[in-house]
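quick one, fold the following:
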Amino acid sequence: MAHYRAEYRAAARAAMAADAALSGITQMTAWTERIDTMAMPLICVVTPSEKSRPSAHGQTERGTLLQVVLKRAGGTEIEDQLDLDADAIEAAVIGALMTRETECTTDEVTTVTSGDGSSRIGTVVVNFRVTSWRGR
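Residues are numbered from 1 along each chain as shown. The predicted model follows:
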């Protein structure tokens, strides 16, 4: 049986792969040092941290940070596209991870654009808090 954080990542990836707006985007499990703009757009899903605290009835509340990072090349309208990407990511991930056993909420959405003159690279990071309750 897979670890619950691995299950969260897999569920998020599957939901985005099934979403019409995100289905054609290549998914990676980890970023490489240099990403070729010709390979974009790309999505990566990670669970870099988790908060834990005692809860009722001998359980522990786990608040897992799940991040979805999307990178794409574009032109002057890249920020508009990143906004649409973020909306699609939020809907897909929350739809997949909000269950009777887990709560999933958006913590933060961050967009960054950069460019060298020939093209602009846009990045949107969507942070989710996935809360679950586990035996101690």
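
report the secondary structure state of residue 73.
strand (DSSP: H, G, I helix; E, B strand; the rest coil).

any idea what it is bridged to?
Legend: beta-bridge partners of residue 73 under DSSP bridges are residue 121.

what's the answer for residue 44, then?
Taking DSSP bridges, one obtains residue 28, residue 69 as the residues bridged to residue 44.

what sits against residue 123?
Going by CB atoms under 8 Å, 6 or more residues apart in numbering, residue 123 touches 69, 70, 71, 82, 111, 112, 113. All C-beta atoms are positioned from the backbone trio N, CA, C, and that covers glycine.

the fourth one touches residue 111, doesn't it?
Right, residue 82. Yes: contact status for residue 82 versus residue 111: in contact at 4.7 Å, counting by CB atoms under 8 Å.

find residues that contact each of those two.
Common neighbours of residue 82 and residue 111, using CB under 8 Å, 6+ apart, are 122, 123, 124.

which parts of the chain are strands?
26-28, 42-54, 59-74, 102-115, 120-135 (DSSP state E).

most centrally placed residue in the protein?
For the chain, the residue nearest the mean C-alpha position is residue 68 (1.8 Å; CA atoms, centre = their mean).

could you measure from that one over to residue 40?
Taking CB to CB, to the nearest Å as the measure, residue 68 falls 15 Å from residue 40.

tell me the confidence at the residue located most distally from the centre of the chain?
Largest separation from the mean C-alpha position in the chain: residue 57, at 31.3 Å (CA atoms, centre = their mean). We have a pLDDT of 78 for residue 57.

from residue 45, how far off is it?
Distance of residue 57 to residue 45, given as CB to CB: 31 Å.

these two touch, right, residue 8 and residue 63?
No: applying CB under 8 Å, one finds residue 8 not in contact with residue 63, separated by 11.9 Å.

done for today, thanks.
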